[in-house]
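>>> sharing a model that was predicted from the sequence below.
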Amino acid sequence: MAEKTIFKRIIDGEIPAKIVYEDEHCLAFEDIKPAAPTHLIVIPKREIASVDDVKPEDEAVVGHLFTAIRAVAAKLGLTGGYRVVTNCGRDSGQEVMHLHFHVLAGRRLGWPPG
Ligand code: AMP
């Protein structure tokens, strides 16, 4: 069996996280190394490694992540706007092989990203 990712361990309650939102299908928690005043990680509870691994049967779960992101943004009052980012694969710098969306807010964000 492949070793659990750090995010799967958070889902399973094996390591702590500052959880800001949870429902049947997903979890949102604070990034341990924030790159902005607000930096959340939003993940599906289903184990999907990356965008490259999304299958047709995952569509409902992946779509649901955006409903959750919107709910979290409203809950945290991110009225100034926010950025949603996902890294996929080596060149993007993806470190954790469990699909996740970064939600960044609280400062003016540069574009294009590095
Ligand atoms: P990525 O490079 O897109 O794979 O991003 C992984 C993100 O997960 C990074 O921003 C890390 O700071 C974050 N991270 C890693 N371990 C933890 C953890 N235990 N709790 C919260 N965030 C984490």
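Cool, got the structure. Source: prediction; values computed, not measured.
>>> which parts of the chain sit against the ligand?
6, 17, 29, 31-33, 41, 87, 93-96 (CB under 6 Å from any ligand atom). The C-beta positions use only the backbone N, C-alpha and C, and glycine is treated the same way.
>>> and those, which of them are buried?
17, 29, 31, 41, 87, 94 (16 or more other CB atoms under 10 Å).
>>> if we can go back for a sec, list just the nearest of the residues of the chain next to the ligand to Asp23.
Distance to Asp23 across the residues of the chain next to the ligand (CB to CB) is lowest for Phe29, with 13.2 Å.
>>> any idea what that closest one is bridged to?
Ile19, Ile41 (DSSP bridges).
>>> for it, what are its contacts?
Residues in contact with Phe29 (CB atoms under 8 Å, 6 or more residues apart in numbering) are 10, 17-20, 40-41.
>>> any idea which of these has the most stuff around it?
Among the contacts of Phe29, Leu40 has the most neighbours (other CB atoms under 10 Å), with 27 neighbours.
>>> do you know how far it is from Lys55?
The gap separating Leu40 from Lys55 is 25 Å, by CB to CB, to the nearest Å.
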